[in-house]
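Participant: Below is the sequence, then the predicted model.
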Amino acid sequence: MTTDNFTAPRKDRSHKLAPRYVTWSAIAAPVLVLTGWAFIAAVPIALLLWGTWTDKRVRALRWWSGLTALLYAIPLVQYLLRTDPEASMSSMLHPAIGIAIALSAVVVVLKIFKNHRD
């Protein structure tokens with residue numbers, strides 16, 4: 001009698017799928033930034049960053065989520081250090097930075113959906 005314990009490959013793909021909060025955060029972040037709710041986008045961007053750094057299934061997205069968080073942190077720090085108390089973060093956000101944040105988050109979304117499809 002042998003003690004080999006061979007297991008069949010898993011039929012379900014649940015071990016490859018990204019967590020839903022990472023997927024929805026990656027979808028919500030560019031929508032919030034581009035529609036004028038840039039300050040509230042801190043929540044999905046933080047969830048995206050935390051999820052990619054703690055979950056093994058989406059560990060390959062660390063660089064893209066880190067880029068998204070870095071691009072978001074630059075105007076966030078500028079907003080927090082502002083002199084005008086009435087200005088909103090969306091009005092202070094340069095359009096190029098807003099588009100860069102959105103594009104990096106969209107890359108995360110596309111990579112998640114590509115991984116789900118395979």
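Facilitator: Cool, the structure landed.

Participant: Need the residues that contact whichever helix or strand residue 69 is part of.
Facilitator: Assigned by DSSP states H and E, residue 69 falls within helix 62-80. Defining contact as Cβ atoms under 8 Å, 6 or more residues apart in numbering, one finds that helix 62-80 is touched by 26, 29, 33, 38-39, 41-42, 45-46, 48-49, 51-53, 87, 89, 92-94, 97, 100-101, 104-105, 107-108, 111. (C-beta placed from N, C-alpha, C; glycine too.)

Participant: Please flag which of the residues you listed sit within helices.
Facilitator: Judged by DSSP state H, helices contain the following of the contacts of helix 62-80: 26, 29, 33, 42, 45-46, 48-49, 51-53, 89, 92, 97, 100-101, 104-105, 107-108, 111.

Participant: Neighbours of residue 21, how many?
Facilitator: 14 (other Cβ atoms under 10 Å).

Participant: quick one: it and residue 49 touch, right?
Facilitator: No - in this structure, residue 21 is not within contact of residue 49 by Cβ atoms under 8 Å, at 11.8 Å.

Participant: Quick check: mean pLDDT of stretch 56-76?
Facilitator: Stretch 56-76 shows a mean pLDDT of 92.

Participant: Dump that stretch to CSV, restricted to CA.
Facilitator: This file holds the C-alpha atoms of stretch 56-76, laid out as CSV (Å, rounded to 0.1, in the frame of the first residue of the first chain):
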residue,chain,number,x,y,z
LYS,A,56,-2.9,35.9,-2.3
ARG,A,57,-5.4,35.6,-5.2
VAL,A,58,-4.8,39.2,-6.3
ARG,A,59,-1.2,39.6,-5.3
ALA,A,60,-0.1,40.2,-8.9
LEU,A,61,-2.0,43.5,-8.9
ARG,A,62,0.1,45.1,-6.2
TRP,A,63,2.0,47.3,-8.5
TRP,A,64,-1.2,48.7,-10.2
SER,A,65,-3.0,49.2,-7.0
GLY,A,66,0.1,50.8,-5.5
LEU,A,67,0.3,53.1,-8.5
THR,A,68,-3.4,54.0,-8.1
ALA,A,69,-3.0,54.8,-4.4
LEU,A,70,0.2,56.9,-5.1
LEU,A,71,-1.5,58.9,-7.8
TYR,A,72,-4.5,59.5,-5.5
ALA,A,73,-2.3,60.3,-2.5
ILE,A,74,-0.6,63.3,-4.3
PRO,A,75,-3.7,65.4,-4.7
LEU,A,76,-5.1,64.1,-1.3
